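Novice: here's my sequence, what's the structure:
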Amino acid sequence: RYTAYQGQYPVIFLSFKDIKCASWEETRGKIARLISLECQRHIELQDSPRLNSYEKEQYALLTKGKADGISYEMSLQLLSLMLHKHYKKETIIIIDEYDTPIQQSHTEGYYEQITGFMRNLLSGAFKDNSHLSFGFLTGILRVAKESIFSGLNNLIVHSIISIPLVTFSCFPFAIRRTRR
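Specialist: I've put the predicted structure just below:
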């Protein structure tokens, strides 16, 4: 049952549903704010005795919205590492409506910038992330193994017509890390 897992893992949750901007600069700023708010939600990391000084410095930069572009691209990877170290439990990453800024960028003309950013963000979060227990990615665009997902393998897609829908009723796309 799912209740046996409730509250047992640190969770990173981002929803891109409101990232509908007219420019790449505005989009990047909103995503940075979204990441900053998620880092602030995990305030316990600020004084964690299990994190080293570099990790605390990176955490502070992300929390204050003062990180550089590369740091934001790597933010989910870093946040999952820090949560794993702090709680001694692998993380669950949930990203809702990942495709909203991608669709908007196609209309507004900054598709290359957002797909490059999202490719790096999602790859860091889901591909070869030893700090990840399980990940969910939701959106209306089908997860494809081309484009921004070319770096991800072992994706399991659950759509509304999938047989295991009962298990994943509110998470149409699931990413499972394969144990080595």
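
Novice: show the subsequent helix or strand relative to the longest helix along the chain.
Specialist: If you go by DSSP state H, the chain has its longest helix at helix 24-41. For helix 24-41, the following helix or strand on the C-terminal side (DSSP states H and E) is helix 53-64.

Novice: what does that next one contact?
Specialist: 35-36, 39-40, 45-46, 48, 51, 67, 71-72, 75, 78-79, 81-82, 85 (Cβ atoms under 8 Å, 6 or more residues apart in numbering). (Each C-beta comes from the backbone N, C-alpha and C, glycine too.)

Novice: just the buried ones from these?
Specialist: 35-36, 39, 45, 48, 51, 67, 72, 75, 78-79, 81-82, 85 (16 or more other Cβ atoms under 10 Å).

Novice: closest one of the residues you listed to His131?
Specialist: Nearest to His131 among the buried ones among the contacts of helix 53-64: Leu81, at 4.8 Å, using Cβ to Cβ.

Novice: ok, the closest one to Lys30 distance?
Specialist: 24 Å (Cβ to Cβ, to the nearest Å).

Novice: quick check on Gly116: phi, psi?
Specialist: The phi/psi pair for Gly116 (degrees, to the nearest 10) reads phi -60, psi -50.
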